[in-house]
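Visitor: from the sequence below, what's the structure:
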Amino acid sequence: MLKSLINWTKEHDFYQQQINLTLLRFMLIIAVPALVVIMSISFYKTQYTFSLISALSFAVVLFALQMTRNPENQQVAKNIALAAMIVPYLTTLFFLSPNSLGFLWITIIPIIFVFLNTPKELTLWGLLLTSPLLAIILIDYFEVSQANLSYRQGISILFGFLIESIMLSFIKFAIFDDQLELKFKNRQLEFNKQLIDQKVPILSLDLEGKITQANNAFMEITGYRKMALIGKTFNELDIINDSLNEFNLSKMLKNRSWNGELHGHRRSGAQFWMQITLREKYNSQYEKTGYMAICEDITSQQLLKLHANNDQLTGALNRRVFDQFIQKAVFEFQRYREPFSLLICDIDHFKKINDNFGHNFGDEVIKQLHQELSKILRSSDTIARWGGEEFAILLPKTGLDIAVAVADKVREHILNAEFVGQYPVTISIGVSELRIEDKAEEWFARADKALYHAKESGRNRVSFNGQS
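Guide: Numbers count the residues shown, from 1 in each chain. Just a heads-up that it's a prediction; the model follows:
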């Protein structure tokens, strides 16, 4: 993006130089025939001195025009040409008759000076043009010496300069500066569009939630090309809202807009998260035509959060975060008296698995156990890796009887699941319901004791209150 910015800035400067160079050449081309005409007429009328001065100015202007072939010499060429054109101008003022054709040069020179200079430069050159006129006016008015022009003629020329310069400045602004500004604004809009396209993920959806447009930034997040995205829904791309377990437009857009998080997998399989603002789109007849989604990639933040809150091996909550859930459950139970139950499950004979097949194999068993638990439990249930091969499960709004039934269902599911290497895996589970007088430690101790009883009773069992 920095490269794009640099390229755009260079293009901006280049365009400005091209405009200035074109103006310079155009004005010099106007000056050349004007000087030729004045030089020829002066020579014809035997005004040889003025004809020679015009010829010298003509030669210098041609030299300046030649210099403009190299854009780097643009400013120098302009200053040389303007200085050369002032010489016949001064000669005209001080030596030629007001009725002389040479006075046409006085009419032409403001045109050239206005179009070739910026406002600041024009102020300096304007002083050089008007100072001789002011001197002639003062000389004639105070009768200091015999002037070539009367002060009235000088004032007329001065006002003519002023009016001509103002009018030409407006014309220049209207024709050139407005066009230049419009060009720059268009380029800036184009640059901003490219910047947004690269940095802000944006897409359009039709009324059915199918993607109709997706920019580069969105394609970069998902890893899909545009053709793979067009016509697909978020659900087909496995991009969902975790709280809804799907991408459901009717549930999301009850108030015509929705802001939330989406979670999905890139084409490579890597996870990504994005914050999305979803709004309805309408045409000029106020008919709904689809939806606009503006996204923000929050994968980095979510991964940091995930690493801080979740077990690195399985992705389950870690012990620290699960403790917070337990403390919250105790508080809510004491306040609302809604039941909570706790399951602690442990893989049977896990040491033998490690000894016989290695720790990597054991890690795969632990990871798959978490996956199987996630499949069978409710989304409202909380699973944490408690340590080693142990998992703790918090069941909200669940009394002891139901918790025991859930635990037995989990045990049976694990017994029948196909684990890595077709190795038969069983688990033992201890169950404990939260009591009014319980603190978190007492609740856990009771579940842990129940787990110990299940192990002592032969494993692959569910135990509660000392019963199996």
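
Visitor: ok, now how distant is the residue nearest to the spatial centre of the chain from Glu442?
Guide: Residue closest to the mean C-alpha point of the chain, counted by Cα atoms, centre = their mean, is Lys199 at 3.5 Å. According to Cβ to Cβ, to the nearest Å, Lys199 stands 53 Å off from Glu442. No exception for glycine: its C-beta is placed from N, CA and C like everyone else's.

Visitor: also Ile230?
Guide: 58 Å.

Visitor: report the contact partners of the residue lying closest to Glu332 once chain neighbours are set aside.
Guide: The shortest distance from Glu332 to any non-neighbouring residue, by Cβ to Cβ, 6 or more residues apart in numbering, is to Glu338 (6.6 Å). Contacts for Glu338 (Cβ atoms under 8 Å, 6 or more residues apart in numbering) come out as Glu332, Pro396, Lys397.

Visitor: what average pLDDT does the helix or strand where Leu134 lies get?
Guide: Leu134 is part of helix 119-141, with elements assigned from DSSP states H and E. Averaged across helix 119-141, pLDDT comes to 83.

Visitor: so what touches the helix or strand that it is followed by?
Guide: For helix 119-141, the following helix or strand on the C-terminal side (DSSP H and E) is helix 151-172. Identification of contacts with helix 151-172 by Cβ under 8 Å, 6+ apart yields 98, 106-107, 110-111, 113-115, 119, 122, 126, 129-130, 133-134, 136-138, 140-141, 147, 149.

Visitor: mind giving me the packing neighbours of the strand with the most length in the chain?
Guide: Counting by DSSP state E, the longest strand found in the chain is strand 271-282. Under the contact criterion of 3 or more Cβ pairs under 8 Å, 6 or more residues apart in numbering; DSSP states H and E, strand 271-282 touches helix 216-222, strand 257-265, strand 288-297, helix 299-309.

Visitor: state the distance from the closest residue to Leu128 other than its chain neighbours to Ser42.
Guide: Nearest residue to Leu128 in three dimensions, chain neighbours excluded: Ile86, at 6.4 Å (Cβ to Cβ, 6+ apart). Note on Ile86: its distance to Ser42, by Cβ to Cβ, is 17 Å.

Visitor: what of Arg266?
Guide: Distance from Arg266 to Ser42, by Cβ to Cβ: 81 Å.

Visitor: between those two, which one's more packed in?
Guide: Ser42 (25 against 16; other Cβ atoms under 10 Å).

Visitor: and what about that one, helix, strand or coil?
Guide: Secondary structure state of Ser42, per DSSP: H, G, I helix; E, B strand; the rest coil, is helix.

Visitor: what count of nearby residues applies to the residue nearest to Leu128?
Guide: There are 17 residues near Ile86, going by other Cβ under 10 Å.

Visitor: what does Thr118 give?
Guide: 8.

Visitor: now swap in the one 10 residues further on and tell me
Guide: If you count neighbours by other Cβ under 10 Å, Leu128 ends up with 14.

Visitor: which stretches of the stretch 351-468 of the chain have low pLDDT?
Guide: Along the stretch 351-468 of the chain, segments meeting pLDDT under 70 span 466-468.

Visitor: please, where are all the helices along it?
Guide: 359-376, 400-416, 440-456 (DSSP state H, counting those that start in this stretch).

Visitor: redo those helices as a markdown table? Include mean neighbour count and distance to Leu162.
Guide: Converted to a markdown table, those look like this (neighbours: other Cβ atoms under 10 Å; distance: least, Cβ to Cβ, whole Å):
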| stretch | mean neighbour count | distance to Leu162 |
| --- | --- | --- |
| helix 359-376 | 16 | 85 |
| helix 400-416 | 17 | 95 |
| helix 440-456 | 18 | 91 |
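
Visitor: that older thread, next, the buried residues of the longest strand of the chain.
Guide: Phe272, Trp273, Met274, Gln275, Ile276, Leu278, Glu280 (16 or more other Cβ atoms under 10 Å).

Visitor: okay, the residues you listed in CSV with pLDDT and distance to Asp238 next?
Guide: Formatted as CSV, those follow (pLDDT from 0 to 100; distance: Cβ to Cβ, whole Å):
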residue, pLDDT, distance to Asp238
Phe272, 88, 11
Trp273, 88, 13
Met274, 89, 13
Gln275, 89, 18
Ile276, 87, 15
Leu278, 87, 18
Glu280, 86, 24
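
Visitor: give me the domain ranges for the protein.
Guide: 2-194, 202-298, 310-464 (automatic domain parsing).

Visitor: Trp316 against Asn310, yeah?
Guide: Small correction: residue 316 is Ala, not Trp. Yes. Taking contacts as Cβ atoms under 8 Å, Ala316 lies within contact range of Asn310: 6.5 Å.

Visitor: the two: which has the busier surroundings?
Guide: Ala316 (24 against 17).

Visitor: now do the contacts for the closest residue to the more buried one other than its chain neighbours.
Guide: Residue nearest to Ala316 in three dimensions, not counting chain neighbours: Arg385, with 4.5 Å by Cβ to Cβ, 6+ apart. Applying Cβ under 8 Å, 6+ apart to Arg385 gives the contacts Asp311, Leu313, Thr314, Ala316, Leu317, Asn318, Arg319, Ile366, His370, Phe391.
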